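Student: Curious how this folds, go ahead:
(chains A, B, C and D)
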Protein chains: 2
Amino acid sequence: MTSPEAPGSGSAGQAVPVRIGGMESSSATSGGSTRREATRQKLYEAAVTLIAEQGFSATTVDEIAERAGVAKGTVYYNFASKSVLFEELLRHGVGLLTASLREAAELTERTGGNKVDALDAMVRAGLVFIDRYPAFTQLYVAELWRTNRAWQSTLMVVRQEAVAVVEGVLRDGVANGEFSEEIDVQLTAAALVGMVLVAALDWKSFQPERSLDDVHSALSRLLQGRVSGRR
Amino acid sequence: MTSPEAPGSGSAGQAVPVRIGGMESSSATSGGSTRREATRQKLYEAAVTLIAEQGFSATTVDEIAERAGVAKGTVYYNFASKSVLFEELLRHGVGLLTASLREAAELTERTGGNKVDALDAMVRAGLVFIDRYPAFTQLYVAELWRTNRAWQSTLMVVRQEAVAVVEGVLRDGVANGEFSEEIDVQLTAAALVGMVLVAALDWKSFQPERSLDDVHSALSRLLQGRVSGRR
DNA sequence: GTTTTTGCACTGACCAGTCAGTTCAAAACC
DNA sequence: GGTTTTGAACTGACTGGTCAGTGCAAAAAC
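Tutor: Got it, this is the predicted structure:
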């Protein structure tokens, strides 16, 4: 099940039954069995594609259960409600993205790259993420600017974490003179995120045969202002 | 004429409502009453905000009718179904955007601007549009990359019309040497659209007190590569 | 007199969430 | 070893409610 979607905690090896306490702090249901974790994972995977395709409200719990190969009751055994399932899915997915962006930025830092390099590395990290989890990305974009929804506040927090990584790099770049002091950090960060997001979704939807490198270099060019003019 | 048929009665064919290419609704209002047009307009306005907030499936026809101050029967007198109403709304809205972009590009052309100016004018036109119709924009973004929905093909056609305007300017710019020949027109256009879309939605959602000029200048800077480095 | 809107009762499909009952692997016991 | 008990995990039929779409007679608008 190295399935193509549903950001889940790695691909939980289903062979190894022993899994000692390590990592995750969320204690609550400690003693969590592996079986349960596997079921949740299957549910995430089923839900993410269905919701990306049809939207949250148009996706039924029966469908999710069916695609996960599980009874409907199991969904409710594992999650308090349909929207809790969704909320948890969102939190998890964006967490992965944030970690990935942060790592890209830090790696560049450590290997002595400048801030433009960091930005470029983050663009690539974003593309890699979208390449791996297109459905999740799609669903995220669809929900991000909605108001009046149960998971709105969760989403906002989680979004801010991701955007903050980009903003941080921009701010650092301004501080060390690499970027103009005139730039508006917040707006520029949003614009950069949008650039990657939309270009990548278009790539996946309308010309999926293109390579990641292709897309990356097009965006790099734009990012570095190598669009206009000669050369 | 895509003249509105009588209230879809008969249980007749409910075969997939996907129908491409319908001509523009008569702008001339030929014969068509203005009253009807006004009712439709009210329904569009009611539907757009509700659907932007809640999504298509979570929005009920009763709600739409109520917010429009109209009886439910009227909705069905004017539109064959809920999804037809939505589809027409999409077509209508994107039509406005496309016209606006095209106008911006042409005006720049006529007043002797170069292609960068045209792009910049289109960015502004996009911002003005989003400023005026934030709910529509939001809803459009939420639906754009969905698959498996009834109005998918309509959306695709209409999206292409809008993106094509941007692509056209880019292509012209490449042709006259203003832009590098290396740019990927399609991807760059998508990225530019994304930049404006996401920056503007963030603006509206998270810092609505900013002025349009503010946002525009931040994007202009990015567009012209005046972000990094020197002056 | 024709078109459009209203109001409202009605139907049939669909769906989130529930709950009494089943499964089965590991623990407890002999 | 073999047997019994336990309980977490899972099942799926069922319920109560919701909602798209219908039908139609009468009023309003043009």
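
Student: Could you report the neighbour count for the residue in chain A that chain B sits nearest to?
Tutor: Residue of chain A nearest chain B, by CB to the nearest CB: A:G225 (1.5 Å). Quick note: C-beta positions are derived from backbone N, CA and C, even for glycine. Neighbour count for A:G225, taken as other CB atoms under 10 Å in any protein chain shown: 17.

Student: where does it land in three-state SS?
Tutor: coil (DSSP: H, G, I helix; E, B strand; the rest coil).

Student: quick one: the closest residue in space to it that isn't next to it in sequence from B:F179, how far?
Tutor: Spatial nearest neighbour of A:G225, excluding adjacent residues (CB to CB, 6 or more residues apart in numbering or on different chains): B:G225 at 1.5 Å. Look at B:G225 and B:F179: by CB to CB, to the nearest Å, they are 12 Å apart.

Student: which non-adjacent residue is nearest A:D117?
Tutor: That would be A:T108: by CB to CB, 6+ apart, it lies 5.1 Å from A:D117.

Student: Need the per-residue pLDDT for that neighbour.
Tutor: With respect to pLDDT, A:T108 has a value of 95.

Student: my read: it touches A:V116, true?
Tutor: No - using CB atoms under 8 Å, A:T108 is not in contact with A:V116, being 9.5 Å away.

Student: and the residue of chain A closest to chain B, what does it touch?
Tutor: Applying CB atoms under 8 Å, 6 or more residues apart in numbering or on different chains, we find A:G225 in contact with B:Q224, B:G225, B:R226, B:V227, B:S228.

Student: my read: the third one touches A:S180, true?
Tutor: Think B:R226. Yes - applying CB under 8 Å, one finds B:R226 in contact with A:S180, separated by 6.4 Å.

Student: Could you give the residue of chain A that lies closest to DNA strand D?
Tutor: A:G73 (2.0 Å; CB to the nearest atom of the strand).

Student: Tell me, please, where in chain A the pLDDT is lower than the cut-off.
Tutor: A:1-33, A:228-231 (pLDDT under 70).

Student: how does it look with 90?
Tutor: Chain A contains residues with pLDDT under 90 at A:1-38, A:91-92, A:95, A:112-113, A:142-159, A:205-206, A:223-231.

Student: what ranges do the strands span in it?
Tutor: In chain A, no strands are defined using DSSP state E.

Student: what residues does it put near DNA strand C?
Tutor: By CB under 7 Å from any atom of the strand, the residues of chain A that approach DNA strand C are A:P17, A:T59, A:T60, A:V61, A:D62, A:K72, A:G73, A:Y76, A:S81, A:K82, A:S83.

Student: Among these, which one has the most neighbours?
Tutor: Most surrounded of the residues of chain A next to DNA strand C: other CB under 10 Å gives A:T59, at 21 neighbours.

Student: Pull out the buried positions in the helix of greatest length in chain A.
Tutor: If each helix of chain A is counted by residues according to DSSP state H, the longest one is helix A:82-110. By neighbour count on 16 or more other CB atoms under 10 Å in any protein chain shown, the buried set for helix A:82-110 is A:82, A:85-90, A:92-94, A:96-98, A:100-102, A:104-105, A:108-109.

Student: What helices and strands are in contact with that helix?
Tutor: helix A:34-54, helix A:72-78, helix A:115-132, helix A:134-144, helix A:152-175 (3 or more CB pairs under 8 Å, 6 or more residues apart in numbering or on different chains; DSSP states H and E).

Student: 6 Å instead?
Tutor: Applying 3 or more CB pairs under 6 Å, 6 or more residues apart in numbering or on different chains; DSSP states H and E, we find helix A:82-110 packed against helix A:115-132, helix A:152-175.

Student: so which of those helices comes closest to B:A46?
Tutor: Counting by CB to CB, B:A46 lies closest to helix A:152-175 out of these; the figure is 21.8 Å.

Student: And the contacts of that closest one?
Tutor: With contacts defined as CB atoms under 6 Å, 6 or more residues apart in numbering or on different chains, helix A:152-175 is touched by A:87, A:91, A:94, A:97-98, A:101-102, A:105, A:115, A:118, A:179, A:181, A:185, A:188-189, A:192.

Student: Check the gap between the residue nearest to A:G225 and A:L223 for me.
Tutor: With CB to CB as the criterion, B:G225 and A:L223 are 8 Å apart.

Student: How about A:S180?
Tutor: 14 Å.

Student: For A:L85, give me its contacts.
Tutor: For A:L85, the contact set (CB under 6 Å, 6+ apart) comprises A:F79.

Student: my guess is A:E87 meets A:W151, correct?
Tutor: Yes - look at A:E87 against A:W151 with CB atoms under 6 Å: they come within range, at 4.4 Å.

Student: State the number of residues packed around the nearest residue to A:V169 once chain neighbours are set aside.
Tutor: Residue nearest to A:V169 in three dimensions, not counting chain neighbours: A:A118, with 5.0 Å by CB to CB, 6+ apart. As a burial measure, A:A118 scores 25 neighbours (other CB under 10 Å).

Student: Then A:A68?
Tutor: Applying other CB under 10 Å, we find 20 residues neighbouring A:A68.

Student: Quick check: it touching A:A47?
Tutor: No - taking contacts as CB under 6 Å, A:A68 lies outside contact range of A:A47: 7.9 Å.

Student: re the thing from before, including distance to B:Q207, could the contacts of A:G225 go into TSV?
Tutor: Formatted as TSV, these follow (distance: CB to CB, whole Å):
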residue	distance to B:Q207
B:Q224	23
B:G225	24
B:R226	22
B:V227	19
B:S228	24
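
Student: Out of the residues you listed, the closest to A:F136 would be?
Tutor: Nearest to A:F136 among those is B:V227, at 29.1 Å by CB to CB.

Student: Many thanks, I have nothing further to ask.
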